[in-house]
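Asks: Below is the sequence, then the predicted model.
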Amino acid sequence: MTDDDLIALDRAHVWRPYTSSEDHQGRSLFVVDRAEGPWLIGADGRRVLDASGSWWCNNLGHGHPRLRDAIRRQSERLMHCTFAAATHEPAARLAAELIEAAPAGLNRVFYSDNGSTAVEVALKIAFQYWQQDGQPGRQRFLALPGAYHGDTLGAMSAGAVDEFSAVFRPLLFDVARPAEPAGDDWTPVFDALFHSLDEAGDGVAAVIVEPIVQGAAGMRMYPAPLLAELRRKVDEVGALLIADEVFTGFGRTGPMWACEHADVTPDLLCTAKGLSGGMLPFAATLATERIYDGFRGDKSRALMHGHTFCGNPLGAAVAREVLSIYRDDDVLASAAPKAAKVKTAIESMSEIPGVAHPRALGMCAAFEVGVPGYMGKIGWEISDLALELGAHLRPLGNTIYIVPPLNIDAEELDQLLQIVRVSTERVLRSGQ
């Protein structure tokens, strides 16, 4: 079939994510035939740099040969089996290896299949822990403004009520959060959060945050000392801290976990995306032994959560290989000079009239090209031009961002940064 044939089938039958029916008919589509490294490749051989990491998960690029081989080897032995009253080598060994790589103090792993579910599990664990551990009054959750934690109902409740979730507001439970920051000053936001903690006191079950970087809110970044102070305040009132590291984990911001910027260990940590190298749906929620101990007893105290593919052997085998690659190739150290290059290039974007607030942390960078907001249109104009020039950008409205693979070659990174600059300059100048 030709690309036009495939696009026609897509427009006729697919219900696309985050896309209105009208936009589905009008927005250009790039038909991907295969992918390798940082490249998306069409049937005609056209190569386009995947600047969004295929929704932030391809930390090691597409089709890493070791990950392909891990899938092949595991598929020949065991592709799936129940995780009820049974276990298997990939899941058991991954749990130990994941704990070894996690912040000290986390030593239990609950498997799931995506970031939203990993968050949903964390919220349910936190709530049930207090219900059956002597403090049933702890029923409230606190979060940050602009938060995004996923698209299931619990995860949406924890996120900000905005373009992603406003229509579902009647179905969501209340989560308290401070007002939006004024510019880049997050101190008043956290002061307000600390005040809410003091006021709610023993009514708070947990505080959930994206550590250091808020992804879907527009790659917004806040100082690490504020996260460290939040850990101290949560401990002070006896609540739990949930770190949503679905996006920020696996070296995206520099260290393995964004929590490491503040030298804190959360009570619950959610991971997905980079966990399986963008190969398969796979996720995990990590917990301390203290929390796990809160579920000891008869069956009535069990966490009643699970799904068909919990601990899937293929996903677990791939995740084990991801961790092995990080160790063998010293991925975090190798990414450091590339992160410095990204920071320099993105900060220089401020030279372009119309570009605002360039920022970078690790292999994550962003800037604004108009009034911030998910419904902005300038970012999409830049995205369309960038695709013509050889890069697939997926803006967050008027926020342009890149999250390239941590192991991208220097020349390919230079090419991506150049396309981002040229496409931005051309669109902004044409609008003047």
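Replies: Perfect, I can see it now. None of these values were measured; they are calculated from a predicted model.
Asks: Now for the closest residue to S276 other than its chain neighbours: which residues touch it?
Replies: Among residues not flanking S276 along the chain, F282 sits closest, at 4.1 Å (C-beta to C-beta, 6 or more residues apart in numbering). (Each C-beta comes from the backbone N, C-alpha and C, glycine too.) Shown in contact with F282 (C-beta atoms under 8 Å, 6 or more residues apart in numbering): Y111, D113, A272, L275, S276, N312, G315, A316, V318, A319.
Asks: F282 and A272, how far apart?
Replies: Look at F282 and A272: by C-beta to C-beta, to the nearest Å, they are 7 Å apart.
Asks: for D3, same thing?
Replies: Distance from D3 to A272, by C-beta to C-beta: 31 Å.
Asks: out of the two, which sits in the more crowded spot?
Replies: A272 (28 against 15; other C-beta atoms under 10 Å).
Asks: Looks like that one contacts D244 (just checking).
Replies: No. A272 is not in contact with D244 according to C-beta atoms under 8 Å; the separation is 9.7 Å.
Asks: shared neighbours of these two, anything?
Replies: G115.
Asks: Kindly indicate which of the contacts of F282 lies nearest T265.
Replies: Proximity of the contacts of F282 to T265 was ranked by C-beta to C-beta; the top entry is L275 with 18.2 Å.
Asks: Who are the contact partners of the closest one?
Replies: Contacts for L275 (C-beta under 8 Å, 6+ apart) come out as G249, F250, F282, A283, A284, A319, V322.
Asks: give me that answer again for 6 Å
Replies: L275 makes contact with F282, A319, according to C-beta atoms under 6 Å, 6 or more residues apart in numbering.
Asks: Is there a neighbour count for P405? I'd like the number.
Replies: P405 has 25 nearby residues by other C-beta under 10 Å.
Asks: separation between it and S300?
Replies: Distance, P405 to S300, by C-beta to C-beta: 46 Å.
Asks: For G376, grab phi and psi.
Replies: With angles defined as degrees, to the nearest 10, G376 sits at phi -60, psi 150.
Asks: Please tell me I have it right and it contacts G397.
Replies: Yes. Using C-beta atoms under 6 Å, G376 makes contact with G397 at a distance of 3.5 Å.
Asks: Report the secondary structure element holding E381.
Replies: In this structure, E381 sits in helix 378-389 according to DSSP states H and E.
Asks: Centroid-nearest residue for the chain?
Replies: Nearest to the mean C-alpha position of the chain, by C-alpha atoms, centre = their mean, lies F247 at 2.0 Å.
Asks: what sits against that one?
Replies: W56, G215.
Asks: and it, which of the three is it?
Replies: The three-state assignment at F247 reads coil, by DSSP: H, G, I helix; E, B strand; the rest coil.
Asks: just to revisit the earlier point, return the alpha-carbon coordinates of the helix holding E381 using CSV.
Replies: Extracted C-alpha coordinates of helix 378-389, given in CSV (Å, rounded to 0.1, in the frame of the first residue of the first chain):
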residue,chain,number,x,y,z
ILE,A,378,2.6,28.7,16.7
GLY,A,379,4.4,25.6,18.0
TRP,A,380,2.5,23.4,15.4
GLU,A,381,3.6,25.7,12.6
ILE,A,382,7.2,25.2,13.7
SER,A,383,6.5,21.4,14.0
ASP,A,384,5.2,21.3,10.4
LEU,A,385,8.3,23.1,9.0
ALA,A,386,10.7,21.0,11.1
LEU,A,387,9.1,17.8,9.6
GLU,A,388,9.9,19.2,6.1
LEU,A,389,13.5,19.8,7.3
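Asks: And it, what does it pack against?
Replies: Applying 3 or more C-beta pairs under 6 Å, 6 or more residues apart in numbering; DSSP states H and E, one finds that helix 378-389 contacts helix 410-430.
Asks: what about 8 Å?
Replies: strand 399-402, helix 410-430 (3 or more C-beta pairs under 8 Å, 6 or more residues apart in numbering; DSSP states H and E).
Asks: per-domain residue ranges of this protein.
Replies: Using automatic domain parsing, the domains assigned to the chain come out as 84-328, 332-361.
Asks: S350 contacts P358, doesn't it?
Replies: Yes. Counting by C-beta under 8 Å, S350 does reach P358; the two are 5.3 Å apart.
Asks: more crowded one of those two?
Replies: Using other C-beta under 10 Å as the criterion, S350 and P358 rank with P358 on top: 19 against 12.
Asks: Look at that one and give its secondary structure.
Replies: Classification of P358 using three-state DSSP returns strand.
Asks: quick one: F367 and V355 touch, right?
Replies: Yes. F367 lies in contact with V355 (C-beta under 8 Å); the separation is 5.3 Å.
Asks: any residues in contact with both of those two?
Replies: M349.
Asks: Centre of the chain to the helix or strand containing V189, how far?
Replies: Using DSSP H and E, V189 sits in helix 187-200. Chain-centre distance of helix 187-200: 25 Å, with C-alpha atoms, centre = their mean, to the nearest Å.
Asks: Which elements pack onto it?
Replies: For helix 187-200, the packing partners by 3+ C-beta pairs under 8 Å, 6+ apart are strand 140-143, strand 204-209, helix 224-237.
Asks: just checking, what packs against the shortest one?
Replies: Using 3+ C-beta pairs under 8 Å, 6+ apart as the contact criterion, the secondary-structure elements in contact with strand 140-143 are helix 153-158, helix 187-200, strand 204-209.
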